[in-house]
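Trainee: turn this into a structure:
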Amino acid sequence: MQPDFLMTGNINSINTPEELLQAYTSLFLFLGGSVSITPGESDLSHLCDEGLLRNLPVSSTNARFARAVRLLKSPCPLKQQCHHAVDDNYHSLLAGNGTAGAYPAASHWKKSDRPAEEHYDELCSLYRRYGYSRGDESSLAPDHLGIQLLFINLMLEKYLTEDDYEIRAMIGNDLTRYIRKEMLNWLPRWGEAVSEKSRTKCYTGISDLIVGGLEDVLDILESQKLGL
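Mentor: Numbers count the residues shown, from 1 in each chain. Just a heads-up that it's a prediction; the model follows:
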């Protein structure tokens, strides 16, 4: 479903940091679904072939984000063919149990000396602390990108609505740590793989939106820490 909170801005805009972060919650909600469910379920094919993804809830000067906008702003000239291409691309890139060409889960991109189950337990403990239930997506591993983006969405909402300064600062610290250490240490490599293997501009653009959007949110949060 297309995000319905439409706002334009960038990191150096007149929009407040809170307005920008709120816009990103809408975007991450959409992007989390786009890498977790088929294009038919998310209506992604329609959004891509009509060029509707040019109407994003936030704009950015981030290089990855800007590249994604250039890819996604124009409609597909052969809609039915594009519809099938996006669907096929999802299954070859993202679907399955880890055999796809760019399966979006951290454990497929990060090398670690500890068992995956130990990492999963650590993530689930963090999720429970923030009251995050994976719900219908419970078949996906805790380090799946769709799960992680929906968790980022929830944390941003908590950060934006928290009145207590100390609790808000704690949430902000957890957010920046999670984005930097849990996500951005593998997502750029994943994004490169998507760009190399994708047969559609749709998923190439989405991978850039995800990485560029997270980089922007990290910049906003860290600027707020510095009082900028």
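Trainee: now do the helices in the protein.
Mentor: For the chain, applying DSSP state H gives helices covering 17-34, 39-42, 44-49, 63-72, 79-93, 116-129, 145-161, 165-177, 187-197, 201-225.
Trainee: where among those is average confidence lowest?
Mentor: Per-stretch mean pLDDT for the helices of the chain is lowest at helix 44-49 (a mean of 72).
Trainee: so residue 57 is in contact with residue 21, correct?
Mentor: No - using CB atoms under 8 Å, residue 57 makes no contact with residue 21, being 11.1 Å away. Backbone N, C-alpha and C define where each C-beta goes, glycine included.
Trainee: can you redo the helices of the chain as a markdown table with mean neighbour count and distance to residue 139?
Mentor: Output for the helices of the chain, formatted as a markdown table (neighbours: other CB atoms under 10 Å; distance: least, CB to CB, whole Å):
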| stretch | mean neighbour count | distance to residue 139 |
| --- | --- | --- |
| helix 17-34 | 21 | 15 |
| helix 39-42 | 17 | 14 |
| helix 44-49 | 23 | 19 |
| helix 63-72 | 19 | 28 |
| helix 79-93 | 17 | 16 |
| helix 116-129 | 13 | 14 |
| helix 145-161 | 21 | 10 |
| helix 165-177 | 14 | 26 |
| helix 187-197 | 18 | 20 |
| helix 201-225 | 21 | 21 |
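Trainee: adding distance to residue 106, write those helices out as CSV.
Mentor: Output for the helices of the chain, formatted as CSV (distance: least, CB to CB, whole Å):
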stretch, distance to residue 106
helix 17-34, 14
helix 39-42, 21
helix 44-49, 22
helix 63-72, 19
helix 79-93, 16
helix 116-129, 8
helix 145-161, 8
helix 165-177, 15
helix 187-197, 9
helix 201-225, 13
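Trainee: of the ones you listed, which is nearest residue 104?
Mentor: For residue 104, the closest of those is helix 145-161, at 3.6 Å, according to CB to CB.
Trainee: quick check: angle from that closest one to helix 165-177?
Mentor: For helix 145-161 against helix 165-177, the angle by axes from the mean of the first three to the mean of the last three CA atoms, to 10 degrees is 160 degrees.
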